[in-house]
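**Student:** Output the structure for:
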Amino acid sequence: MAYTVKITNVLSLTHNVKQITTEKPNNYKFTPGQATEVAINKNDWKDKKRPFTFTSLPEDEHLEFVIKTYHDHEGVTHEIDSLVEGDELIIDDAWGAIEFKGTGTFIGGGAGITPFIAIFRNMEKNNEIGENKLIFSNKRGDDVILESYFNDILGENFISTLTHQNIEGHENKIVDMDFLKRHLEDFTQKFYVCGPDAMVKDVSKHLEMLGASPDAITFEK
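**Tutor:** Below is the predicted model:
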């Protein structure tokens with residue numbers, strides 16, 4: 001089912017990431033980590049749907065999306081970058097395989113952090129952060145989405161790594177086998193992986209080689 005929702009707020013989180021808040025349809029349901037197909041309610045854009053993850057909580061009276069925009073082609077996210085309050089989006093029902101199944105380590109790459117935002121916000125609200133850990137990989141320091149938020153709620157359990165820049169407070173490594181062995185001791189725990197397809201494939205393979213059960217690794221299939 002399709003719903004038309006009006007944008008109520010647009011906020012820039014980084015140089016190429018927007019936080020877009022919209023109205024919420026009556027009785028609209030999703031779980032933290034889920035996504036929906038989104039289109040822009042403008043001529044020539046209504047049929048061009050792209051998947052975006054909810055970063056708001058199910059009980060909020062609004063919907064929120066954190067969207068990375070790309071300017072190297074005239075696509076949907078490029079058009080989203082020009083949206084303002086009062087513009088409209090078309091959304092479908094919620095879907096997605098990423099949901100919290102118990103304490104573990106979250107491994108995100110770039111915009112792949114978005115399913116984890118709502119999950120961590122939900123944990124924070126319910127005082128369930130516990131020993132959950134987040135490894136977040138980006139190219140450069142100004143790419144890191146919600147860095148101060150994750151630092152605040154996770155402390156030493158937030159590990160940020162940059163692949164193209166060396167900055168204090170961040171690692172300067174890719175998330176490979178050696179990286180995982182240095183930062184993790186228990187490979188029998190649950191893992192949540194989201195990011196570019198190649199990263200998800202490689203990280204999942206490394207985790208399994210280090211002893212993780214395939215059933216304990218949650219990712220969007």
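**Student:** next helix or strand past the top strand by length along the chain?
**Tutor:** Criterion DSSP state E: the longest strand present in the chain is strand 3-14. Using DSSP states H and E, the helix or strand that follows strand 3-14 in sequence is strand 17-22.
**Student:** orientation of that next one relative to strand 3-14 in degrees?
**Tutor:** 150 degrees (axes from the mean of the first three to the mean of the last three C-alpha atoms, to 10 degrees).
**Student:** where does the chain have low pLDDT?
**Tutor:** Along the chain, the model assigns pLDDT under 70 to residues 73, 221.
**Student:** need the contact list for the residue nearest the centre of it.
**Tutor:** The chain has Thr114 as the residue nearest its centroid, 1.3 Å off, counting by C-alpha atoms, centre = their mean. Under the criterion of C-beta atoms under 8 Å, 6 or more residues apart in numbering, the neighbours of Thr114 are 52-53, 55, 65-66, 145, 194. Any C-beta I mention is one placed from the backbone N, CA and C, and that applies to glycine too.
**Student:** Could you pull out the helices in the chain for me?
**Tutor:** Along the chain, counting by DSSP state H, helices occupy 76-80, 114-125, 147-154, 177-183, 197-209.
**Student:** Would you indicate which residues of the fourth one are buried?
**Tutor:** The reference is to helix 177-183. 179-180, 183 (16 or more other C-beta atoms under 10 Å).
**Student:** do the longest one as well
**Tutor:** Residues of helix 197-209 classed as buried under the neighbour-count rule (16+ other C-beta under 10 Å) are 199-200, 202-204, 206-207.
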